[in-house]
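Chemist: any chance you can model this:
(chains A and B)
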Amino acid sequence: DVLPGSLRRLYYQVLNFGMIVSSALMIWKGLMVVTGSESPIVVVLSGSMEPAFHRGDLLFLTNRIEDPIRVGEIVVFRIEGREIPIVHRVLKIHEKQNGDIKFLTKGDNNAVDDRGLYKRGQHWLEKKDVVGRICALYWNSDYLNE
Amino acid sequence: MPKSLNSLWFLLQWKIDDKPVKIDKWDGSAVKNSLDDSAKKVLLEKYKYVENFRLIDGRLMICTISCFFAMVALVWDYLHPFPESKPVLAFCVVSYFVMMGILTIYTSYKEKSIFLVAHRKDPAGMDPDDVWQLSSSLKRFDDKYTLKLTFISGKTKQQREAEFTKSIAKFFDNNGTLVMEAYEPEVSRLHDSLATERKIK
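Modeler: Presented below is the predicted three-dimensional model:
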C-alpha cells in the first residue's frame, strides 16, 4: 500500500469537500452550456426597472442567437470591462443588412438613457455585450405585497 | 468481565492508548462512526489483521477523476472565455455527471455499507489470505445498530457471515462515552463464531 492510513483519511476528507465544490461548479457550468449565457442566473441589484423588477428578484436567462433584439424588449447586458450585468429595456436600434446591430438601453425607472453608464467613448451596445434574455423570473417576496 | 487474556490485554491497551471517545449521543452519524471505528480497532488491534484499502482506493480514484474534470472545466473556461469554451465545458460537465453515476453504482453495489476489509495472512505463507469484512447500519432516529461480519476463506473461497443487532444504549453511557468493555465482547463473539467453524472443517 502506497499511503499510510492517516494520509489516506486526510485525502478522503479533502476529496469529499472537493466533490461538493465540484458539483456546484459543474451545475453552474452546465447551466451555462445549456442556456448559452455566461451568467445564467442573475440577481436584480437596483430599482431601475421598477415596477417590473425589484431589488432581489432572480432572473433565469437564455442566450439563443435566434432571439431578435427589438425595441421595447428587455435585455441583460454587461458593459465591457465591468463585472456586473445590467437589466434594462431597449430604446433604439440601428440595424445593418447583415444582422449586426447597435442598440441603446434605458431603465424604466431612470430619467435618462444608459449612455452615462457605458464606457468612455462608447455610445451604443452590440450583440457581444448581451448576456441573455429573460426566460423565467422569481419575485423577491419582500416586494410582493406592494 | 473480559472472557480471555486477549480481551483483557486489548482493553488495557485501549485504555492506555486512546482518550475516551465522547460523542453527542443524539447524533446518529457520530454514534455510528464511533461504533464502526471501535469495531475496526477490535479487528485490527486485538486480532492483528491487516487493513486492505482496495475498496476505499477505488472510491478515491473515482472522486479524483471527477474533480479532475471539474478542474479542467474551470481552468479552460478561465483561459478561453465563455462562448469559445462551450464544447470543452459541455464535455467536462457530461463526464463529471457520468463519473457521479459510476460513483453511485460503486457505492451501492461494490462498497455497500462495508467500512473495513482486513486480511489475515496465512501463517504458513502458502494459502491465500482469509478476508474479513465489516459492515454496519444504523437507521435515522433509530437506536438499533446492526454490525455484520463476513468471513471469506482464502482456501475454499466460501463466505460466512454473522451479525448482531443491539440498541446503542447498551454500548454508550449517559455522557455519550463508548464503553469498550461492553462493546468489545460483542465484536469478539461475532468473530469467534465465524473463526471456530473454520477450525472444525
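Chemist: what is the neighbour count of the closest residue to A:T35 other than its chain neighbours?
Modeler: Closest residue to A:T35 apart from its sequence neighbours, by C-beta to C-beta, 6 or more residues apart in numbering or on different chains: A:T62 at 4.5 Å. The way it works is simple: take the backbone N, C-alpha and C, and place the C-beta from them, glycine included. A:T62 sits with 15 neighbouring residues when counted by other C-beta atoms under 10 Å in any protein chain shown.
Chemist: ok, now B:Q133?
Modeler: Counted with other C-beta under 10 Å, the burial measure for B:Q133 works out to 20 neighbours.
Chemist: so it, which state does it fall into?
Modeler: Counting by DSSP: H, G, I helix; E, B strand; the rest coil, the backbone at B:Q133 sits in strand.
Chemist: next up, the contacts around whatever residue of chain B ends up closest to chain A.
Modeler: At 3.6 Å from chain A, B:A70 is the closest residue in chain B, using C-beta to the nearest C-beta. Residues in contact with B:A70, defined by C-beta atoms under 8 Å, 6 or more residues apart in numbering or on different chains, are A:G18, A:V21, A:S22, A:L25, A:M26, B:C92, B:Y96.
Chemist: quick one: distance of whichever strand or helix holds the first one to the chain centre.
Modeler: When secondary structure is defined using DSSP states H and E, the element that contains A:G18 is helix A:5-35. Using C-alpha atoms, centre = their mean, to the nearest Å, we find the averaged C-alpha position of helix A:5-35 to lie 24 Å away from the chain's own average C-alpha position.
Chemist: which other helices and strands does it contact?
Modeler: Applying 3 or more C-beta pairs under 8 Å, 6 or more residues apart in numbering or on different chains; DSSP states H and E, one finds that helix A:5-35 contacts strand A:58-62, helix B:54-79, helix B:82-105.
Chemist: mind checking pLDDT for residue 13?
Modeler: All of this is about chain A. On the pLDDT scale, A:Q13 is placed at 88.
Chemist: switch to chain B, please.
Modeler: 76.
Chemist: still on that earlier bit, buried sites along the helix holding A:G18?
Modeler: Under the neighbour-count criterion of 16 or more other C-beta atoms under 10 Å in any protein chain shown, helix A:5-35 has A:8, A:11, A:15, A:18-19, A:22, A:25-26, A:29-33, A:35 buried.
Chemist: now it against helix B:82-105, angle please.
Modeler: Put simply, helix A:5-35 runs at 130 degrees to helix B:82-105, going by axes from the mean of the first three to the mean of the last three C-alpha atoms, to 10 degrees.
Chemist: quick check: next helix or strand after helix A:5-35?
Modeler: strand A:41-43.
Chemist: which residues does that following strand contact?
Modeler: Here strand A:41-43 makes contact (C-beta under 8 Å, 6+ apart) with A:L31, A:G56, A:D57, A:L58, A:L59, A:F60, A:L61, A:V76, A:P85, A:V87, A:V131.
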